[in-house]
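**Student:** Sharing a model prediction with you, sequence too.
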Amino acid sequence: PPARRRGPTAAAALADFQGLEALFTPPKNYVVPHTDQALTLDGNLTESDWQRAPWTTDFVDIEGAAKPLPAFRTRTKMLWNDSTLFVAATLQEPQVWATQTHHDDIIYKDNDFEIFLSPTNNTNQYFEVEVNALNKTFELFLPKPYRNGGDALVSWDAAGLRSGVQIAGTLNHPQDQDQGWTVELAIPLRALYIGYDWHPPTEGALWRINFSRVEWDTDAAGNQNPKRKNAAGKDLPEHNWVWSPQGLVNMHYPERWGYLQFTRQASAAFTLPYAEQQRRYLWLVYYRQQAYRQQHGRYAATLAELKIGPRPSIDGQANQLQLAATARQFSATVAAPGAPGAPALRINDEGLIETLKVVSRPTEEIKN
């Protein structure tokens, strides 16, 4: 019989991701408890179910461990019932200020708190909600990320959204020192299903979610908090502090968001589906293809051109990676033929992830 083919070594697997390590750090996760309690949306978080909901880890710089830790602490916690996702956040802030006074103003011109949500986990059809210390909100829907030609639907509103803000200090009063502010939001789950049959999340359902805090450098001048400027007179760049590091200064990489797992159990541990580990190789192909096209003016035709092996070992299971490409389009598929009942996954040049039919028998030899 022919000799058994060996899988790639651990060193070879690491080499596949060389230069892209920041985009493959493990996303954080949160198992959100179910609640039947009536919550008052006032930013006080005094209800007993809020007390038992765990806090996330503190926010870090959007680029991750390579950057200094934020100057001020931020953390969130969540609850859910069959109709609503509840999100609370506390933001340490010595100067609480806000200037955007209307719904759908550009809220991130102020210091703000932002939520990014993807119920489908396919990197398309996702949502963003922003809120400032005046409790003014800005909501938008993205059919696909900006990098893939997506255009924000600013006219979309999360129907039934409720929010409350509690300030520990005084708003827009630079003469004193504040402690910070707390925001509490109730997001109707039905509002997050555009074009889909709505139903409450099932036990263990997995969404993608991340949170961002925009923080501007300001001074206390009279009765205002003007933004600091550079030598050219332009505002200094804002700080971007997040729960789960993105690995780059861009929140619109949904594949980098954290995991939100729903449960009705009193206690449940987070479980990462095997498919999420497979997706890493699809994103590796995607990132390598984008870099290849930028350099060569076309997509690579083979995995070899991208320096990616076709048979990755994922959690000890042999997988097969395939690429189909023209100069302007591509798709990549990953499957574990030796795992009965395992689905195949596919990514295309717009970053759309799809689940294909279940793999029931080994596929033919891969040529590229």
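**Tutor:** Yes, it's here.
**Student:** Show me the longest helix that occurs in the chain.
**Tutor:** Assignment by DSSP state H gives helix 274-296 as the longest helix of the chain.
**Student:** So for that helix, mean pLDDT?
**Tutor:** Helix 274-296 shows a mean pLDDT of 97 in the predicted model.
**Student:** tell me the secondary structure for residue 22?
**Tutor:** On the three-state scheme (DSSP: H, G, I helix; E, B strand; the rest coil), residue 22 is labelled helix.
**Student:** what secondary structure does the closest residue to it other than its chain neighbours sit in?
**Tutor:** In space, and not counting its chain neighbours, residue 22 is closest to residue 247: 3.7 Å by C-beta to C-beta, 6 or more residues apart in numbering. Every C-beta, even on glycine, is put in place using the N, C-alpha and C of the backbone. Using three-state DSSP, the structure places residue 247 in coil.
**Student:** ok, back up a step: sort out which residues of the longest helix of the chain are buried, please.
**Tutor:** Buried residues in helix 274-296, counted by 16 or more other C-beta atoms under 10 Å: 275-289, 292-293.
**Student:** tell me the domain ranges of the protein?
**Tutor:** Domains of the chain are assigned by the TED database as 26-263, 274-356.
**Student:** Could you point out which of the ones you listed sits nearest residue 20?
**Tutor:** Counting by C-beta to C-beta, residue 20 lies closest to domain 274-356 out of the domains of the chain; the figure is 5.7 Å.
**Student:** Just the terminal-to-terminal distance for that closest one.
**Tutor:** In domain 274-356, first residue to last residue: 15 Å (C-alpha to C-alpha, to the nearest Å).
**Student:** so how far is that domain from its chain's centroid?
**Tutor:** Relative to the chain's own centre, domain 274-356 is displaced by 21 Å; criterion: C-alpha atoms, centre = their mean, to the nearest Å.
**Student:** Let me know how buried residue 42 is, in neighbour terms.
**Tutor:** 13 (other C-beta atoms under 10 Å).
**Student:** what about it, distance to residue 186?
**Tutor:** For residue 42, the distance to residue 186 equals 11 Å [C-beta to C-beta, to the nearest Å].
**Student:** before we move on, what about residue 205?
**Tutor:** 19 Å.
**Student:** Tell me which stretches of the stretch 251-368 of the chain form strands.
**Tutor:** 258-262, 313-314, 317-318, 320-325, 330-335, 342-348, 353-359 (DSSP state E, counting those that start in this stretch).
**Student:** Name the surrounding residues that touch the fifth one.
**Tutor:** Counting contacts by C-beta atoms under 8 Å, 6 or more residues apart in numbering, the residues outside strand 330-335 that touch it are 278-279, 281-282, 285-286, 289, 299-300, 312, 319-325, 342-349, 356, 359, 363.
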